[in-house]
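Q: take a look and give me a structure for this.
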Amino acid sequence: MKEKYYQKRSHNILQGGHMKIIVRLLLAIALTVMLVTPSYAQRNLEEAIVKIYAVYSEYDYDMPWQLSGQSRGVGSGCIISGNKVLTNAHVVADQTFIQVKRAGQAKKYNAAVEVVAHECDLALLKVDDPAFFAGVKPLTLGDLPRMRDKVAVYGFPIGGEELSITEGVVSRVEHTHYSHSGSNLLSCQIDAAINPGNSGGPVIKNEKIVGIAFQGYMYAQSIGYMVPAPVIDHFLKDSADGTYDGIPGIGIVWQAMENPALRAHYQMKEEQTGVLLTYIAPGSTAQGIMQTGDVLLAIEGRPIANDGTIPLRGTERIHFANAVQAKFIGETVRCRLLRGGKIMEVTISLLISTDSTRLVPHTQYDRAPTYYIVGGLVFQPLTQNYLDTWDSMDNVPVHLTNYYYYGKQSEDRKQVIVLTNILADDLTVGYDDFKDHVITEVNGKRISTIADMVKAIEETEGTYHVFTDEWGDQIVLERGKINEAQKMILEKYKIDSARSVDLRGVQ
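A: Numbers count the residues shown, from 1 in each chain. Now for the predicted structure:
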């Protein structure tokens, strides 16, 4: 979602020895307070905190050829080395215009997105005017904080225009669902207040960035989350060349192995622990090396528990995916497998990003929807963006939510193609009930992607086009009439093109 003390004292005039004694006492008390109650909010860091004003336009996935309108939002950020502004990706997603201003200043400066990483909800902004950075000391990155560490959150939450600083402690270090991207990545839970507008603001410990505030939990009090320093460091190193490659993934689905019978069935010894591989994504680098039914015992030399966790620090444990996500695209990861009772050591090249093998992608940003129109029938690959056109997932047709939650790519299916709209016309009479049906065959050809659908239409020279849904029902259009009516239909509904830009070259 877009997001949009002064204390007066009176003093007595003291003279002579009494004054010296009192001054010494006051100094001693002040020194004691400084030693036992340090301030975690550093006032001298304020000049590096930035308020961000973003104008954005999202696409209307009910009518994917057009934008849904212009909206405005605000967020926070901070200045880091290289004259960059670090913030959340969701603060600037789908942006068309950005301005920034520093804390304590009134002037706004135009800014632009330099690099964005939606999966870890981070972005870097650039400001061309050097005056924006005049006199500021950039913030530097710290380390992953520990539980009960005290931190301060800087930002511009709703309720006022000036900088806000809240303090709290780190209460958890674990993998969390990132609401912006849908990915599960390392995060820290903190009890400092994080409200709309705080997003993108730095979380500070010992004058260094240990996190970036990015989401809160609406059903509980004092629960907020920050993107932790290791994820920020990964993003900054990855994007140092101006291109962001992503957080790697293996492309597997696994099952916990806490049940004794399950463990015995896969010939695990009493002292062995691990997780059962139940799916290997087609096209992933694990394909041909790992197999369903393998037990993943260890990763990068770290034993995996039956619940899928590995040691982190001391008594802390973390999801085993963290060992993969800490690496970069192009690197490798070492895995120990149990197959048929025998231990195997394998190495997997990390060439795909996390979640890239999902059958139904999570929310997509900064890109136009993919669509294809044939005689008034509007087709799209199923995405979370389309599912979000309903008020809640409870209202989405069950067969579509099943694809989103449980669908997996296969060799013959890489996308779910949905008939998302039927534009009223003589050609489409009687087909209204087919809205939101999943199309599996076109002109007798099984389709895996929307590109397959385009080819099946373009390469057919028969009298009719036949679309078959997953339940066997059919839509039939006369090919000759489509050729005559297509231009008129597009003009009637103010549609510039019958296909999205990414399908213009598909024939």
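Q: residue 471 and residue 439, how far apart?
A: Distance, residue 471 to residue 439, using C-beta to C-beta, to the nearest Å: 11 Å. Backbone N, C-alpha and C define where each C-beta goes, glycine included.
Q: those two - which one has more neighbours?
A: Ranked by neighbour count (other C-beta atoms under 10 Å), residue 471 and residue 439 place residue 439 first, with 20 against 9.
Q: OK, contacts around residue 347?
A: By C-beta atoms under 8 Å, 6 or more residues apart in numbering, the contact list for residue 347 reads 332, 333, 334, 335.
Q: which among those residues end up buried?
A: 333, 335 (16 or more other C-beta atoms under 10 Å).
Q: farthest-apart pair in the contacts of residue 347, please.
A: Using C-beta to C-beta, the contacts of residue 347 reach their maximum pairwise distance at 332 and 335, which is 9.8 Å.
Q: got any residues that touch both of those two?
A: Shared contacts of residue 332 and residue 335 (C-beta under 8 Å, 6+ apart): 347, 348.
Q: was I right to think residue 254 contacts residue 274?
A: No. Using C-beta atoms under 8 Å, residue 254 is not in contact with residue 274, being 9.0 Å away.
Q: which neighbours do those two have in common?
A: Here residue 254 and residue 274 share the contacting residues residue 296, scored by C-beta under 8 Å, 6+ apart.
Q: more crowded one of those two?
A: residue 274 (26 against 19).
Q: if we can go back for a sec, take the contacts of residue 347 and lay them out in JSON lines including distance to residue 360, secondary structure and pLDDT.
A: Below are these laid out as JSON lines (distance: C-beta to C-beta, whole Å; DSSP: H, G, I helix; E, B strand; the rest coil; pLDDT from 0 to 100):
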{"residue": "332", "distance to residue 360": "29", "secondary structure": "strand", "pLDDT": "98"}
{"residue": "333", "distance to residue 360": "26", "secondary structure": "strand", "pLDDT": "98"}
{"residue": "334", "distance to residue 360": "31", "secondary structure": "strand", "pLDDT": "98"}
{"residue": "335", "distance to residue 360": "27", "secondary structure": "strand", "pLDDT": "98"}
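Q: would you reformat the contacts of residue 347 as a markdown table and include distance to residue 186?
A: What follows is the contacts of residue 347, written out as a markdown table (distance: C-beta to C-beta, whole Å):
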| residue | distance to residue 186 |
| --- | --- |
| 332 | 20 |
| 333 | 16 |
| 334 | 20 |
| 335 | 20 |
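Q: between the contacts of residue 347, which is nearest residue 156?
A: If you rank the contacts of residue 347 by distance to residue 156 using C-beta to C-beta, residue 333 comes first, at 39.8 Å.
Q: do you know how far that closest one is from residue 240?
A: Taken as C-beta to C-beta, the span from residue 333 to residue 240 is 22 Å.
Q: swap in residue 202?
A: According to C-beta to C-beta, residue 202 stands 20 Å off from residue 240.
Q: residue 92 too?
A: 20 Å.
Q: which one's more surrounded, those two?
A: Each of residue 92 and residue 240 has its neighbours counted (other C-beta under 10 Å); residue 92 has more, 27 against 11.
Q: now do residue 426, the pLDDT please.
A: Model confidence at residue 426, given as pLDDT, is 91.
Q: cool, and residue 208?
A: In the predicted model, residue 208 carries a pLDDT score of 96.
Q: also residue 461?
A: Listed pLDDT for residue 461 reads 88.
Q: helix, strand or coil: sort out it for me.
A: The three-state label given to residue 461 by DSSP: H, G, I helix; E, B strand; the rest coil is coil.
Q: repeat that for residue 100.
A: Following three-state DSSP, residue 100 is assigned to strand.
Q: what's near enough to touch it?
A: Taking C-beta under 8 Å, 6+ apart as the criterion, residue 100 is in contact with 50, 51, 52, 53, 77, 85, 108, 109, 111, 125, 127, 132.
Q: bridging residues for it?
A: Beta-bridge pairing for residue 100 (DSSP bridges): residue 52, residue 109.
Q: state the distance from it to residue 108.
A: Using C-beta to C-beta, residue 100 is found at 7 Å from residue 108.
Q: what's the overlap in contacts for those two?
A: Listed as contacting both residue 100 and residue 108 by C-beta under 8 Å, 6+ apart are residue 53.
Q: burial count for residue 197?
A: When neighbours are defined as other C-beta under 10 Å, residue 197 has 24 of them.
Q: wait, doesn't it sit right on residue 160?
A: No. Counting by C-beta under 8 Å, residue 197 sits too far from residue 160 to count as a contact (9.2 Å).
Q: in what helix or strand does residue 90 lie?
A: Secondary structure from DSSP states H and E places residue 90 in helix 89-92.
Q: for that helix, which helices and strands make contact with it?
A: Using 3 or more C-beta pairs under 8 Å, 6 or more residues apart in numbering; DSSP states H and E, the elements in contact with helix 89-92 are strand 49-59, strand 67-80, strand 109-117, strand 122-126.
Q: between the two ends of stretch 260-279, how far is it?
A: Its start and end residues considered, stretch 260-279 measures 21 Å (C-alpha to C-alpha, to the nearest Å).
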